[in-house]
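> Sharing a model prediction with you, sequence too.
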Amino acid sequence: GDSVTQMEGPVTLSEEAFLTINCTYTATGYPSLFWYVQYPGEGLQLLLKATKADDKGSNKGFEATYRKETTSFHLEKGSVQVSDSAVYFCALSDPYSGAGSYQLTFGKGTKLSVIP
Amino acid sequence: DSGVTQTPKHLITATGQRVTLRCSPRSGDLSVYWYQQSLDQGLQFLIQYYNGEERAKGNILERFSAQQFPDLHSELNLSSLELGDSALYFCASSRGGADEKLFFGSGTQLSVL
């Protein structure tokens, strides 16, 4: 079945440091890929997405590129802020999982703490 | 604010009991998804409804059931509760069809004692 593997956390960075969170996936079809973010006490919010190979999703300074050859979708940000402290989830949606169904398969999440 | 409302925010109950979690999707969204988030299993897809009908089923136990009503709100029923059912239960909604963007509620924290 489909699966998503992302780097274990927690990750602690100083403000303005470079961030990379690795994510690789296994899917039977040709999935769409997502990064969701969960701030303390809140639900998940879509951060960015990519739907085909070599697509780059970007939002709020975060970027991730869909790499089909390495089945990866690593999240990067050039300069993190304290406000980026949250849990980040990589996810995939396989359109072949069922007609009209786009349930997401999530990684286990990576907790990021940014210190001033 | 995602526009998805879940009630209650917290629920404390005992083993063997039955509870109902409620979700109101964003206005106009036809699809509702239920997810369970626990420390050991992470985020697990439970079930999806689209316009009142079950569309997909994931790792949902037989003790759990859900439905979506004509006004599109959804309820997740958990019965014969066990300690291991303690988790954060999220509801998400989307427009349905080919729209893959899910909007998540802030969850119901269930504690089974």
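Yes, it's here.
> C-alpha only now, for contacts and for neighbours.
OK.
> Tell me where chain B has strands.
For chain B, the strands defined by DSSP state E cover B:5-7, B:10-13, B:19-24, B:31-38, B:42-50, B:53-57, B:64-68, B:74-78, B:87-94, B:103-104, B:108-112.
> Report the distance from the fifth one to the chain centre.
If I follow you right, that is strand B:42-50. Distance of strand B:42-50 from the chain centroid (Cα atoms, centre = their mean, to the nearest Å) equals 7 Å.
> So residue A:60 versus residue A:52, what's the distance?
21 Å (Cα to Cα, to the nearest Å).
> give me the number of residues near the residue of chain A found nearest chain B?
Residue of chain A nearest chain B, by Cα to the nearest Cα: residue A:43 (4.0 Å). Residues lying near residue A:43 (other Cα atoms under 10 Å in any protein chain shown) number 21.
> Not counting its neighbours along the chain, what's nearest it?
residue B:106 (4.0 Å; Cα to Cα, 6 or more residues apart in numbering or on different chains).
> For the chain, which residues score under the pLDDT cut-off?
Reading this off chain A. A:95-102 (pLDDT under 70).
> meant chain B actually
B:97-99.
> Around chain A, which positions in it sit nearby?
B:33, B:41-45, B:48, B:55-56, B:90, B:96-98, B:100-107 (Cα under 8 Å from any Cα of the partner chain).
> Report the buried members of those.
B:33, B:42-45, B:48, B:55-56, B:90, B:96, B:100-107 (16 or more other Cα atoms under 10 Å in any protein chain shown).
> before we move on, the earlier item: residue contacts, the residue of chain A closest to chain B?
By Cα atoms under 8 Å, 6 or more residues apart in numbering or on different chains, the contact set of residue A:43 is B:90, B:104, B:105, B:106, B:107.
> Over to residue A:21?
A:6, A:7, A:74, A:75, A:76, A:110.
> cool, and residue B:81?
Taking Cα under 8 Å, 6+ apart, one finds B:14, B:15, B:16, B:17, B:18, B:112 in contact with residue B:81.
> how does it look with 6 Å?
B:15, B:16, B:17 (Cα atoms under 6 Å, 6 or more residues apart in numbering or on different chains).
> Columns distance to residue B:28 on top of those residues, output as JSON lines?
Formatted as JSON lines, the contacts of residue B:81 follow (distance: Cα to Cα, whole Å):
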{"residue": "B:15", "distance to residue B:28": "37"}
{"residue": "B:16", "distance to residue B:28": "36"}
{"residue": "B:17", "distance to residue B:28": "34"}
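> Near residue B:92, how many residues? Count them for me, please.
Other residues close to residue B:92 by other Cα under 10 Å number 29.
> Who does it form a beta bridge with?
With DSSP bridges as the criterion, residue B:92 is bridged to residue B:33, residue B:104.
> does residue A:83 count as helix, strand or coil?
Applying DSSP: H, G, I helix; E, B strand; the rest coil to residue A:83 yields a three-state assignment of helix.
> What sits closest to it if chain neighbours are left out?
Nearest non-adjacent residue to residue A:83 (Cα to Cα, 6+ apart): residue A:114, at 7.7 Å.
> name the element that neighbour belongs to?
strand A:110-115 (DSSP states H and E).
> Please name every helix or strand in contact with that strand.
Other elements packing on strand A:110-115 under the criterion 3 or more Cα pairs under 6 Å, 6 or more residues apart in numbering or on different chains; DSSP states H and E are strand A:11-14, strand A:86-93.
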